[in-house]
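The sequence isn't on hand, but the structure is:
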């Protein structure tokens, strides 16, 4: 079973504010002081706005051109995470076979509990009723023999849908289904497949395996199975931890800047945030990546692998700033900065023999304890004040699954 | 768009069956009777658990919050 919240962020805001109900509205990033429009994009549009052509990832001027009455609401990710957790709790009242797919989507395996209910449809209806009554939100549910088809089913009727794809219906559904409707086939893959004359799921399922593996390598096998509606991946248990492969943060500045001190301060802030999460996961990493987007939206990313594993904000910052100096030209104003670390392994809690390093580890642990007790950046490097004065916008975007469980 | 306020306020609330129902609050000497709590959610700031309430006095929507550690109420935003 796949449960997909309908226009999640927008629906939460409409539930919070009766004046927004039934109106074209959209959730976007926070508006910086003095700017007419947020420097972000439409995160989610209500169904009323979607009917007028407003779509996710549109810029605000684009959306306003289509819908001049569009009401914009600054997103509140903490609120959405809490509501997402409440939705997960409702599902967990039925089974612990709940896999969080994103902040507004979950898979459930109900095969173990179906004996306690009339059928899967009855479980889906109970979940829909509870989400509606307890949280005032609607969702679409897809029921099918596997995750691929369940997700496809939930996408078929929105909002407030309940669609069942049975094993015997599978071939009929896939016959004319455009390949891009299959979860996992993005725009680039779609274009490549279309170039090979493969436009429907049925064509993908009946394509020669030699052709698919020749063009897509081992993924060709998975593509063929997708076209046949086959998916053997299990629904993960709720308490199963996903493997963390990288940790990163990006930030769009309140206004474009030419000031190197501002860029450095944001880099340090992001490096500190990355390092805190890295230590929460009890991991260390040795590849630091830096992303810079300029005022003309040209975006560059570069990375550097170190000879040692690191976990402190200062070391991540030093590497990121060295990358900035070596690989980036400061010939255009900077709009966005991003820092991430990958090549992660579990932190073995190394004890330092050198007194200076041992002291630094004690300081880092103490700062982590204070910030965990009193809130993020209660104790921080003084140079972060530059970024704070320049302006830090509230986050509004999708975040790690580990933080929404 | 809502306006950020972030002011301490006095609130009358009913604590009933593990639920908190704010009834009225006073801001700038004016009492606002809460006609409806439209939504509630919970966040954490450090170790502090904060309960957030989206409330209306019939004409304006407010966001108020209650810090369960310090037992203080705050007016966060208004429309």
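All right, it came through fine. Computed from a predicted model, the values in this text were never measured in an experiment.

Which secondary structure element is home to the residue nearest the centre of chain B?
Closest residue to the average C-alpha location of chain B: residue B:64 at 2.3 Å, with C-alpha atoms, centre = their mean. Assigned by DSSP states H and E, residue B:64 belongs to strand B:61-67.

Would you mind pulling the contact partners of that strand?
A:16-19, B:2, B:9, B:11, B:13, B:20, B:22, B:25, B:32, B:38, B:48-56, B:72-79 (C-beta atoms under 8 Å, 6 or more residues apart in numbering or on different chains). Placement of C-beta: from N, CA and C, glycine included.

Just the buried ones out of the residues you listed, please.
Neighbour counting by 16 or more other C-beta atoms under 10 Å in any protein chain shown classes A:16-17, A:19, B:9, B:11, B:13, B:22, B:25, B:32, B:38, B:50-56, B:73-79 among these as buried.

Now intersect these with the helices, please.
Taking DSSP state H, the ones among the buried ones among the contacts of strand B:61-67 that sit in helices are residue A:16.

Next step: the buried ones among the contacts of strand B:61-67 restricted to strands.
B:9, B:11, B:13, B:22, B:25, B:32, B:38, B:50-56, B:73-78 (DSSP state E).

What about chain A: which of these touch it?
B:38, B:52, B:54, B:56 (C-beta under 8 Å from any C-beta of the partner chain).

Okay, and the beta partners of the residue nearest to the centre of chain B?
Beta-bridge pairing for residue B:64 (DSSP bridges): residue B:53, residue B:75.

low-confidence ranges in chain B?
Within chain B, the stretches with pLDDT under 70 are B:1.

Report the buried residues of the strand holding residue B:64.
Neighbour-count burial for strand B:61-67 [16+ other C-beta under 10 Å]: B:61-66.

any idea which of those residues is the one closest to chain A?
residue B:61 (5.2 Å; C-beta to the nearest C-beta).

if I pick the closest residue in space to residue A:380 that isn't next to it in sequence, what's in contact with it?
Distances taken as C-beta to C-beta, 6 or more residues apart in numbering or on different chains place residue A:272 nearest to residue A:380, at 6.9 Å, with adjacent residues excluded. Neighbour list for residue A:272: A:313, A:317, A:377, A:380-381, A:384 [criterion: C-beta under 8 Å, 6+ apart].

Ok, residue A:152 next?
Applying C-beta under 8 Å, 6+ apart, we find residue A:152 in contact with A:142, A:144, A:165, A:173, A:177, A:181-183.

Could you pick out the buried ones from these?
Applying 16+ other C-beta under 10 Å to the contacts of residue A:152 flags A:142, A:144, A:165, A:173, A:177, A:181-183 as buried.

Would you mark the buried spots in stretch B:30-45?
B:32, B:34, B:37-43.

swap in stretch A:51-62?
Applying a neighbour-count criterion of 16+ other C-beta under 10 Å, one finds A:54, A:56, A:58, A:60 buried in stretch A:51-62.

Tell me if that stretch is near chain B.
No. For stretch A:51-62, no contact with chain B is found by C-beta under 8 Å from any C-beta; the gap never falls below 11.7 Å.

Now do that stretch: distance to the chain's middle.
Mean-position distance between stretch A:51-62 and its chain equals 19 Å (C-alpha atoms, centre = their mean, to the nearest Å).

what does it rub up against?
Against stretch A:51-62 from outside (C-beta under 8 Å, 6+ apart): A:24, A:26, A:28, A:37-38, A:40-45, A:63, A:66-67, A:70, A:72.

ok, the ones next to chain A among the ones in strands among the buried ones among the contacts of strand B:61-67 vs chain A, which is closest?
Among these, residue B:54 lies closest to chain A (C-beta to the nearest C-beta), at 4.2 Å.

Provide a list of residues in contact with that closest one.
Per C-beta under 8 Å, 6+ apart, neighbours of residue B:54: A:16-17, B:37-40, B:61-63.

For residue A:359, state which of those residues is nearest.
Using C-beta to C-beta, residue B:63 comes nearest to residue A:359 of the contacts of residue B:54, at 43.3 Å.

Near residue A:199, how many residues? Count them for me, please.
As a burial measure, residue A:199 scores 16 neighbours (other C-beta atoms under 10 Å in any protein chain shown).

That one contacts residue A:178, correct?
Yes. Counting by C-beta atoms under 8 Å, residue A:178 is a contact partner of residue A:199 at 6.6 Å.

can you pull up the bridge partners for residue A:334?
Residues in beta-bridge contact with residue A:334 (DSSP bridges): residue A:257, residue A:294.

residues contacting it?
Applying C-beta under 8 Å, 6+ apart, the residues contacting residue A:334 are A:253, A:256-258, A:263, A:292-295.

ditto for residue A:296
residue A:332.

now do the one 10 residues further on
Each residue near residue A:306 by C-beta under 8 Å, 6+ apart is listed here: A:286-288, A:319.

what are the pairing partners of the helix or strand encompassing residue B:44, and which direction each?
Per DSSP H and E, residue B:44 falls inside strand B:36-45. Looking at strand B:36-45 with DSSP bridges, its partner strands are strand B:48-56 (antiparallel).
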